[in-house]
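J.: let me see the structure of the following:
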Amino acid sequence: MKTFNTTKLFGLTQGVLASALIAALPAVAGAASGEFVVLDNPGDPHFNQLLGINDSRIIVGYFGDGTQVANNGYVLVPPNHYSVENFTHLSAGDRASQTQAIGINNDSTSPKIVGFYTDNNTGVTHGFIDANGTQYTVDDPEGNASKVAAPVQNLLGVNDAGQASGFWTDNSGLLHGFVVQFGSTPAKATFTEVGPSLFKNAVSTVVSNITNEREVCGFWTDKNAVSHGFFGKFGSSYTSFEVEINGVKAASTQAFGCNDNGDVVGQFADTSGNLHGFIYHDGKYEQFDATGSSQAAVLGVQGTLINGIDDLGDIVGFFSDGKSKVNGFVDYSAD
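T.: This next block holds a predicted model:
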């Protein structure tokens, strides 16, 4: 399965530009209902991942495969209004060597953006939130440098109530999900673990998103490296699930996004090892393969992955074309 990239990103320009762009532009005009669109930043037309979308149809993601082209987080107002979203709130002489913008909420005046960056001077990967044009580091104390030799933390989703979701990585490389509640400032935060102990046979957990209904989605992984989706009310019990298409259960399931309507999206592996996107809506699973997608891997990406869904039912993600490109896409809801 595709996992979160914590090694191949780059960025060092100002994230405040993203907030300025969002404030200056209206919600997307002219998006056709049911329209599928490939959107690739010209900074690297060969590698893009679209990761989050809000109800104003503002998108976050990144471009660059990290080898030939440096990786850069960005904010996109389709079809082509891009701005950088790379962590810059570091001391003089330091910079972020990799950044990914992953989640965006529905704040109508100044959407909050979350993701991760790597501090070039230390090599530590941190979660961050961009709130009102200012970026803050957000790290779960359970996964910081006092407890983990090489810390890696990610923020993946954020709601309008000041809660964000993510994971930290332990010394064995296993992932531990969490939800963070920001206080009067993002720096005054409290963390709640959503760890492997909550799921029978789990060794890793990831909390991919938290909605305005305080529902979370994500996945846990067992000792055989098989992933299982989960969904439920934060702080309550969580229900594990497997994608099932035409009566056939997936070999592995990862949930990457969910919305206020209870829809869930992600990726599943079928019994032949092929990777497909999925949408859970109205009690049913639907397979989604992006137009032009291929099971031939390009730059570590195979098939289609859906990473985000807004309350309108629009989805964003990325896919391999089987030749030389990883393309970002948005599919606007036909509802």
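J.: check what pLDDT L90 gets.
T.: On pLDDT, L90 comes in at 91.
J.: what sits against it?
T.: L90 makes contact with 96, 119 under the criterion CB atoms under 8 Å, 6 or more residues apart in numbering. For the C-beta atoms, the positions are set from N, CA and C on the backbone; glycine is no exception.
J.: distance of it from F128?
T.: Taking CB to CB, to the nearest Å as the measure, L90 falls 11 Å from F128.
J.: again with T169
T.: Distance, T169 to F128, by CB to CB: 16 Å.
J.: is F36 in a bridge, and if so with what?
T.: Note on F36: beta-bridge partners D331, judged by DSSP bridges.
J.: and for it, the neighbour number?
T.: Counted with other CB atoms under 10 Å, residues neighbouring F36 total 14.
J.: against D107, how distant is it?
T.: Taken as CB to CB, the span from F36 to D107 is 27 Å.
J.: so where's this protein uncertain?
T.: Counting by pLDDT under 70, the chain has low-confidence residues at 1-33, 335.
J.: the residue nearest in space to the middle of it is in what secondary structure piece?
T.: The centroid of the chain falls nearest to I102 when counting by CA atoms, centre = their mean (4.0 Å). Using DSSP states H and E, I102 falls within strand 96-104.
J.: and that strand, what other elements does it pack with?
T.: For strand 96-104, the elements it packs on are strand 48-53, strand 59-63, strand 72-77, strand 113-119, strand 153-158, judged by 3 or more CB pairs under 8 Å, 6 or more residues apart in numbering; DSSP states H and E.
J.: now the ones you listed in a markdown table, with mean neighbour count and distance to S324?
T.: Below are those laid out as a markdown table (neighbours: other CB atoms under 10 Å; distance: least, CB to CB, whole Å):
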| stretch | mean neighbour count | distance to S324 |
| --- | --- | --- |
| strand 48-53 | 28 | 13 |
| strand 59-63 | 28 | 15 |
| strand 72-77 | 26 | 19 |
| strand 113-119 | 28 | 26 |
| strand 153-158 | 28 | 28 |
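J.: specify the stretch among those strands that is closest to F319.
T.: Ranking the helices and strands packed on strand 96-104 by proximity to F319 (CB to CB) places strand 48-53 first, at 9.7 Å.
J.: quick revisit: which residues does the residue nearest to the centre of the chain contact?
T.: Applying CB under 8 Å, 6+ apart to I102 gives the contacts 51-52, 60, 114-116, 154-157, 307.
J.: ok, now with 7 Å
T.: Neighbouring residues of I102 by CB atoms under 7 Å, 6 or more residues apart in numbering: 51-52, 60, 114-115, 155-156.
J.: dump these into TSV; add distance to G173 as well.
T.: Shown next, in TSV, are the contacts of I102 (distance: CB to CB, whole Å):
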residue	distance to G173
L51	22
G52	25
V60	26
V114	23
G115	21
L155	19
L156	18
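J.: roughly how far does P196 sit from W168?
T.: For P196, the distance to W168 - CB to CB - is 12 Å.
J.: and the helices and strands packed on strand 96-104: which comes nearest F278?
T.: strand 48-53 (16.4 Å).
J.: got the contact list for the closest one?
T.: Applying CB under 7 Å, 6+ apart, the external contacts of strand 48-53 come out as 39-41, 59-63, 101-104, 307-308, 310, 314, 316-318, 326-330.
J.: so where do the strands sit in the stretch 201-335 of the chain?
T.: 202-210, 215-222, 227-233, 238-241, 244-245, 248-249, 252-258, 264-269, 275-281, 284-288, 304-309, 315-320, 326-331 (DSSP state E, counting those that start in this stretch).
J.: pretty sure F182 is touching A189, no?
T.: Yes - F182 lies in contact with A189 (CB atoms under 7 Å); the separation is 5.1 Å.
J.: just to revisit the earlier point, and of the strands of the stretch 201-335 of the chain, who's closest to S294?
T.: Nearest to S294 among the strands of the stretch 201-335 of the chain is strand 315-320; the distance by CB to CB comes to 5.3 Å.
J.: and the closest one, how far out from the chain's middle?
T.: Here the centre of strand 315-320 is set off from its chain's centre by 11 Å, with CA atoms, centre = their mean, to the nearest Å.
J.: that one pairs with which strands, parallel or anti?
T.: Sheet neighbours of strand 315-320, with direction, are listed as strand 304-309 (antiparallel), strand 326-331 (antiparallel) (DSSP bridges).
J.: winner for burial among those strands?
T.: Per residue and on average, the most neighbours among those fall to strand 304-309, with a mean of 28 (mean count of other CB atoms under 10 Å).
J.: what's the angle from that strand to strand 264-269?
T.: Per axes from the mean of the first three to the mean of the last three CA atoms, to 10 degrees, the angle that strand 304-309 makes with strand 264-269 is 160 degrees.
J.: contacts for strand 304-309?
T.: Applying CB under 7 Å, 6+ apart, the set of residues contacting strand 304-309 is 2, 51-53, 256-259, 263, 265-267, 276-277, 279, 288-290, 293, 315-319.
J.: distance to L299 added to the helices and strands packed on strand 96-104, as a markdown table?
T.: Listed next are those as a markdown table, based on distance: least, CB to CB, whole Å:
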| stretch | distance to L299 |
| --- | --- |
| strand 48-53 | 10 |
| strand 59-63 | 12 |
| strand 72-77 | 16 |
| strand 113-119 | 19 |
| strand 153-158 | 20 |
